[in-house]
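# Need coordinates for the following:
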Amino acid sequence: MDKTDICVIGGGASGIIAAIAARMENPDISISILEKGDKIGRKLLATGNGRCNFTNSSCASSDRIVTFFRRLGIKAREEEQGRVYPYSGRAEDVLDAFEMYLNRGGVEIVTNFAVDKLSFSERGDISVCCGREKIATGKALLSTGGKAGPQFGCTGDGYRLAREAGHTVTKLSPALSPLECVGDFAMASGCRAKAKVSLVRKGALLHTEEGELQFGKYGLSGICVMNLSRHIRLDDCGFSDYEIVCDLTPGLSLEELVRELKTRSDEIHIPPESLLISYVPKTLAAYILNAAGTEKRQEEAARLLKGLRFTVSNVKGWQFAQCTAGGVTTSEIDLVTMESKVAKGLFFAGEIIDYDGPCGGYNLNNAWETGIKAGKAMAGNVQNT
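Below you'll find the predicted structure:
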């Protein structure tokens, strides 16, 4: 049986940063990262469309994260809406800096090691098992991620391990995902438009976002829609109880629109098929005019521009989601050290925990923040073996 002082289970964002933080805290202990895939950081390379939007200036811990990254040689650049990226805009540069530090610090990286069991002894030791292979440790971190992005190896393995250790796992669902909607979207598919979008449940407004709305063959996407998807819960209702209401002209009132469209039609003599020119893209205009019909065309077109409604039929699955809603409940974790209140020596970090934030760097910031806390706590009271 091999032994290590700290065993990090999962080589994603939170696991990598936890190992780095632990090494910074204590240069004399042994640290191992166990990754079930053939390399660490696969999902990290896809974040921010390959640019790694690693924090947001609106996060309370953003400055600390930027400072931590600077210690690793990663310079930051803040862009629109507080999004912070590596200065190069390349996610691979972030992973390269991480791997350089891990290698220089002597952190062992074991790939193709899929942990299937944790055993806790009365003495406080933990056996981390992969089939017949075992690693003994005093501190184990579950940083296995969630279920979002199975193409990157995220299949939710850690939730079973957490349950077996005595933890409660809340209901899991894909978050920050496109939404499938009722209707024929063939005419509008591929269109993009600035909009204010609202999520309505049984007539009650739940949440509103603004941004670029994207139309697909299945329904709606774009960051604004993906943020709305976080608020869809099916505890006591179905998808059809939810509607997306799209205001495609948020700077204009309905009355202003009606007047402008009547002027276009009656005084400027713009042909009916071009009535919405410059308001929305041509194919989306055709979609709206088709829905408006011919009777009272101007009033109906204006009403649809201000409140195009779609009934939700589904949330696109795990392969399309950016993060997982639900996870290990935070009430069973010491949020200062990230140690389990249920199983001594077990720690948690990242997406496995019941947290999901909006697009824009919030979820990666949570991975870094919880990983750093866990790494420091695990290394701070470990005696070198």
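
# Just list the residues touching residue 128, thanks.
By Cβ atoms under 8 Å, 6 or more residues apart in numbering, the contact list for residue 128 reads 7, 9, 34, 115, 118, 134-137, 140. Every residue, glycine included, has its C-beta placed from N, CA and C.

# I should have written residue 217 there, sorry.
With Cβ under 8 Å, 6+ apart, residue 217 has these contacts: 185-186, 189.

# quick one: which of those is nearest residue 243?
residue 185 (15.4 Å; Cβ to Cβ).

# Over to the closest one. Which of the three states is it?
Look at residue 185: counting by DSSP: H, G, I helix; E, B strand; the rest coil, its state is coil.

# again, but for the one 3 residues further on
For residue 188, the reduced secondary structure class is coil; criterion used: three-state DSSP.

# mind checking the backbone torsions on it?
Main-chain dihedrals, residue 188, degrees, to the nearest 10: phi -100, psi -10.

# From residue 76, how far out is residue 56?
Using Cβ to Cβ, to the nearest Å, residue 56 is found at 11 Å from residue 76.

# So for these two, which residue has more residues nearby?
The residue with more neighbours, out of residue 56 and residue 76, is residue 56; 22 against 17, by other Cβ atoms under 10 Å.

# So that one sits against residue 366, correct?
No - applying Cβ atoms under 8 Å, one finds residue 56 not in contact with residue 366, separated by 10.7 Å.

# So which elements touch the lengthiest helix in the chain?
Across the chain, the longest stretch assigned as helix under DSSP state H is helix 362-380. Judged by 3 or more Cβ pairs under 8 Å, 6 or more residues apart in numbering; DSSP states H and E, helix 362-380 is in contact with strand 2-9, helix 13-25, strand 55-56, helix 62-71, strand 133-142, strand 346-348.

# what's the offset of that helix from the middle of its chain?
17 Å (Cα atoms, centre = their mean, to the nearest Å).

# Flag every buried residue along it.
362-379 (16 or more other Cβ atoms under 10 Å).

# returning to what we had before: is it possible to mark the buried ones in the contacts of residue 128?
Of the contacts of residue 128, these count as buried by 16+ other Cβ under 10 Å: 7, 9, 34, 115, 118, 135-137, 140.

# Am I right that residue 309 is in a strand?
Yes - applying three-state DSSP, one finds residue 309 inside a strand.

# Would you mind writing the CA trace of stretch 86-96 as CSV?
Coordinates of each C-alpha in stretch 86-96 appear next as CSV, following Å, rounded to 0.1, in the frame of the first residue of the first chain:
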residue,chain,number,x,y,z
PRO,A,86,-5.2,35.4,-18.3
TYR,A,87,-3.5,38.3,-20.2
SER,A,88,-2.8,36.0,-23.2
GLY,A,89,-6.4,34.9,-23.4
ARG,A,90,-5.2,31.3,-23.5
ALA,A,91,-6.5,28.6,-21.1
GLU,A,92,-3.5,26.4,-21.9
ASP,A,93,-1.2,29.0,-20.5
VAL,A,94,-3.0,28.7,-17.1
LEU,A,95,-2.7,24.9,-17.2
ASP,A,96,0.9,25.1,-18.2
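
# In CSV: the contacts of residue 128, plus distance to residue 158 and pLDDT.
Below are the contacts of residue 128 laid out as CSV (distance: Cβ to Cβ, whole Å; pLDDT from 0 to 100):
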residue, distance to residue 158, pLDDT
7, 13, 98
9, 7, 98
34, 12, 98
115, 8, 97
118, 10, 97
134, 18, 94
135, 16, 96
136, 20, 96
137, 16, 97
140, 11, 98
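
# So which of those residues is the closest to residue 95?
For the contacts of residue 128, the nearest to residue 95 is residue 34 (17.7 Å; Cβ to Cβ).

# Which residues are in contact with the residue nearest to the closest one when sequence neighbours are not counted?
Closest residue to residue 34 apart from its sequence neighbours, by Cβ to Cβ, 6 or more residues apart in numbering: residue 113 at 4.5 Å. For residue 113, the contacting residues are 34-36, 130, 133, by Cβ under 8 Å, 6+ apart.

# same thing with residue 27?
Counting by Cβ under 8 Å, 6+ apart, residue 27 touches residue 105.

# residues of the top strand by length along the chain that come out buried?
Criterion DSSP state E: the longest strand present in the chain is strand 204-215. Applying a neighbour-count criterion of 16+ other Cβ under 10 Å, one finds 208-209, 211, 213-215 buried in strand 204-215.

# Kindly present those residues as TSV, with separate columns for pLDDT.
Listed next are the buried residues of strand 204-215 as TSV, based on pLDDT from 0 to 100:
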residue	pLDDT
208	98
209	97
211	95
213	97
214	97
215	96
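
# Closest to residue 126 out of those residues?
For these, the nearest to residue 126 is residue 209 (42.7 Å; Cβ to Cβ).

# The closest one against residue 227, yeah?
Yes - at 4.9 Å, residue 209 and residue 227 qualify as touching, with contact defined as Cβ under 8 Å.

# For residue 300, what are phi and psi?
phi -70, psi -40.

# who touches it in this structure?
291-293.
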